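Student: Show me the folded form of this:
(chains A and B)
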Number of protein chains: 2
Amino acid sequence: MTLSAGPEAPSRSLAHPTRAQIRLEQVLHALSDPVRLSVVSALAATERELPCSAFPLPVTKSTCTHHFRVLREAGVVRQVYRGTAKLNALRRQDLDVLFPGLLDVVLDAAAQQRRQDSAKPL
Amino acid sequence: MTLSAGPEAPSRSLAHPTRAQIRLEQVLHALSDPVRLSVVSALAATERELPCSAFPLPVTKSTCTHHFRVLREAGVVRQVYRGTAKLNALRRQDLDVLFPGLLDVVLDAAAQQRRQDSAKPL
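Tutor: A predicted model of the protein is given here:
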């Protein structure tokens, strides 16, 4: 699949799949990693666009960049430059139209799993 | 994670995660492949246990074996030997208890995507 930022897009815009290009398998893959799942949970909990630095992730900056790229290329997040910062927003409307209920069910399951993990004895 | 078939299990039994060992990320990863998604859709549409040969998959036998292993190790399917055949069944109850609604939402999304794909002009 060729991702295009469009012919008239400024040079610093990033390639995103259109809504019609988003594939269920890629969305599930993007959500199948604990770090990416925690990023998506954090984005879902806010209406705001967040910079990568807003996420306290236990990974290096380059790994963080990789995870956001996987999320963007799958169509789960939209990444835009604002000045020198790269901001991230969840593509909730696109996902809800394409795969009704999927995001909410996955986020609920992730939250339940976190609760169970934290209740386990160390 | 160590998967165990249990000390008293017959030698030809296969290792499966217990319900408590099933992780959301691994389930999502197991579902994030078109072949595995089609297998899960077929298993969900029947109450029966099915042998690998029941799935008309566009992959080699060893690739098929790999896909079933991923599904089994993630806790999505249960594989049992019946004589010389290896039979597969969806672990629907385990998944529904752990992640309510997840399987149904993913299967609905997969079915919708298949309908849209087949409606596209070649």
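
Student: Name the residues of stretch A:108-122 that come out as buried.
Tutor: Judged by neighbour count using 16 or more other CB atoms under 10 Å in any protein chain shown, the buried positions of stretch A:108-122 are A:109-110, A:113. Every residue, glycine included, has its C-beta placed from N, CA and C.

Student: Show me which residues of chain A sit near chain B.
Tutor: A:23-26, A:28-29, A:31-34, A:37, A:98-102, A:105-106, A:108-110, A:112-113 (CB under 8 Å from any CB of the partner chain).

Student: can you rerun that using 7 Å?
Tutor: When proximity is defined by CB under 7 Å from any CB of the partner chain, chain A lies next to chain B at A:24-25, A:28-29, A:31-34, A:37, A:99, A:101-102, A:105-106, A:109-110, A:113.

Student: on that earlier part again, between the buried residues of stretch A:108-122, which is nearest chain B?
Tutor: A:Ala109 (4.0 Å; CB to the nearest CB).

Student: And the contacts of the host helix or strand of the closest one?
Tutor: Secondary structure assignment for A:Ala109, by DSSP states H and E: helix A:102-119. Residues outside helix A:102-119 that contact it (CB atoms under 7 Å, 6 or more residues apart in numbering or on different chains): A:31, A:37, A:41, A:44, A:92, A:95-96, B:24, B:99, B:101-102, B:105-106, B:109.

Student: helix/strand/coil for A:Arg36?
Tutor: What DSSP: H, G, I helix; E, B strand; the rest coil gives for A:Arg36 is helix.

Student: Repeat that for the one 10 residues further on.
Tutor: Look at A:Thr46: counting by three-state DSSP, its state is coil.

Student: List the buried residues of stretch A:70-86.
Tutor: By neighbour count on 16+ other CB under 10 Å, the buried set for stretch A:70-86 is A:70-79, A:86.

Student: quick revisit: by neighbour count, sort out the buried ones in the residues of chain A next to chain B.
Tutor: A:24-25, A:28-29, A:31-33, A:37, A:99, A:101-102, A:105-106, A:109-110, A:113.

Student: And the strands in chain A, which stretches?
Tutor: A:50-51, A:77-82, A:85-90 (DSSP state E).

Student: returning to that earlier point: report the angle between the helix holding A:Ala109 and helix B:102-119.
Tutor: On the basis of axes from the mean of the first three to the mean of the last three CA atoms, to 10 degrees, helix A:102-119 is oriented at 150 degrees to helix B:102-119.

Student: In PDB, list the C-alpha atoms belonging to helix A:102-119.
Tutor: Extracted C-alpha coordinates of helix A:102-119, given in PDB (Å, rounded to 0.1, in the frame of the first residue of the first chain):
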ATOM      1  CA  LEU A 102     -13.400  -2.300  18.400                       C
ATOM      2  CA  LEU A 103     -11.500   0.500  20.000                       C
ATOM      3  CA  ASP A 104     -13.800   0.700  23.100                       C
ATOM      4  CA  VAL A 105     -13.700  -3.100  23.600                       C
ATOM      5  CA  VAL A 106      -9.900  -3.200  23.300                       C
ATOM      6  CA  LEU A 107      -9.400  -0.200  25.600                       C
ATOM      7  CA  ASP A 108     -11.800  -1.800  28.200                       C
ATOM      8  CA  ALA A 109      -9.900  -5.100  27.900                       C
ATOM      9  CA  ALA A 110      -6.600  -3.300  28.400                       C
ATOM     10  CA  ALA A 111      -7.800  -1.500  31.400                       C
ATOM     11  CA  GLN A 112      -9.200  -4.700  32.900                       C
ATOM     12  CA  GLN A 113      -5.900  -6.500  32.300                       C
ATOM     13  CA  ARG A 114      -3.900  -3.600  34.000                       C
ATOM     14  CA  ARG A 115      -6.200  -3.900  37.000                       C
ATOM     15  CA  GLN A 116      -5.700  -7.600  37.300                       C
ATOM     16  CA  ASP A 117      -1.900  -7.200  36.800                       C
ATOM     17  CA  SER A 118      -1.700  -4.700  39.600                       C
ATOM     18  CA  ALA A 119      -3.800  -6.900  41.900                       C
END
